[in-house]
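Student: after the sequence you'll find the predicted model.
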Amino acid sequence: MNAPDQHSTALETDPTAADHGLDQDYVYVCRSGQLPDGYVRRFFPRGLELCLARNHGTAYAVSNICTHMACLLSAGKVVEDGIGCSCHGSIFDLDTGEAIYPPATKPITTYPLAEVDSKIFVRVTAADAAAGEARKQALEQARRRAAST
C-alpha cells in the first residue's frame, strides 16, 4: 500500500538521535505509526530520497530509485520477498538490496534504520546524500536514453 510522500525536515520539535542513544548520522524520519505493516512511504532525510517499508513488523530504509529504469519504489508495494517496483515488476530484498526478480539485476542501496521509542531514525551521512544524488542523476539519464530509442 502506498501513502502520500513525506518530506522529512528537521524541526526544533523533532526528536534528535542523541536523545535516543544514536550517533549523529541518524536522522528522525517519522513516528512508527506512520509506517504500518505492508506500507511503503517516501521520505527525504537530509535531502536523500528514500523508500521506507514495513514487512512482517520490521521497518526498512532503501534507495527509492529502481536500478532498472529509475522508477520510484515508493510507488510499488511490499511483497512477500521484499519490495516490488510498480513499473516492470522487479523485486528487491529489503535486507540486502539485492535484485531477486528481474528485470533489474543491480542491487538498491540499503540504509541502517533504528526504531526507538516508537520513532524511526535512518542513518544518512553526507557521503550517502551525495552518492544518492549522483546515482539518481545517472539513472535518470539512463532512463531518458532508453526512452529515446
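Tutor: Sure, I can see it.

Student: Ala130 is in what secondary structure piece?
Tutor: Taking DSSP states H and E as the definition, one finds Ala130 inside helix 126-148.

Student: what are the contacting residues of that helix?
Tutor: For helix 126-148, contacts defined as CB atoms under 8 Å, 6 or more residues apart in numbering pick out Arg46, Gly47, Leu48, Glu49, Ser63, Ile65, Cys66, Thr67, Met69, Ala70, Thr109, Tyr111. All C-beta atoms are positioned from the backbone trio N, CA, C, and that covers glycine.

Student: what about Asp19, neighbour count?
Tutor: Using other CB atoms under 10 Å, Asp19 is surrounded by 12 other residues.

Student: kindly confirm my reading that it is in a helix.
Tutor: Yes. Judged by DSSP: H, G, I helix; E, B strand; the rest coil, Asp19 forms part of a helix.

Student: and it, how far from Thr96?
Tutor: Here Asp19 is placed at a distance of 30 Å from Thr96 (CB to CB, to the nearest Å).

Student: what kind of secondary structure is the nearest residue to Ser74 once chain neighbours are set aside in?
Tutor: Spatial nearest neighbour of Ser74, excluding adjacent residues (CB to CB, 6 or more residues apart in numbering): Arg42 at 3.7 Å. At Arg42 the chain is in strand, as set by three-state DSSP.

Student: show me the contacts of helix 126-148 that map onto strands.
Tutor: Residues of the contacts of helix 126-148 located in strands (DSSP state E): Ser63, Tyr111.

Student: in the contacts of helix 126-148, find the pair that's most separated.
Tutor: Arg46 and Met69 (25.6 Å; CB to CB).

Student: surely Asp95 touches Val62?
Tutor: No. Under the contact definition of CB atoms under 8 Å, Asp95 does not touch Val62, with a separation of 9.7 Å.

Student: identify the contacts common to these two.
Tutor: The contact lists of Asp95 and Val62 share Thr110, where a contact means CB under 8 Å, 6+ apart.

Student: all set now, cheers.
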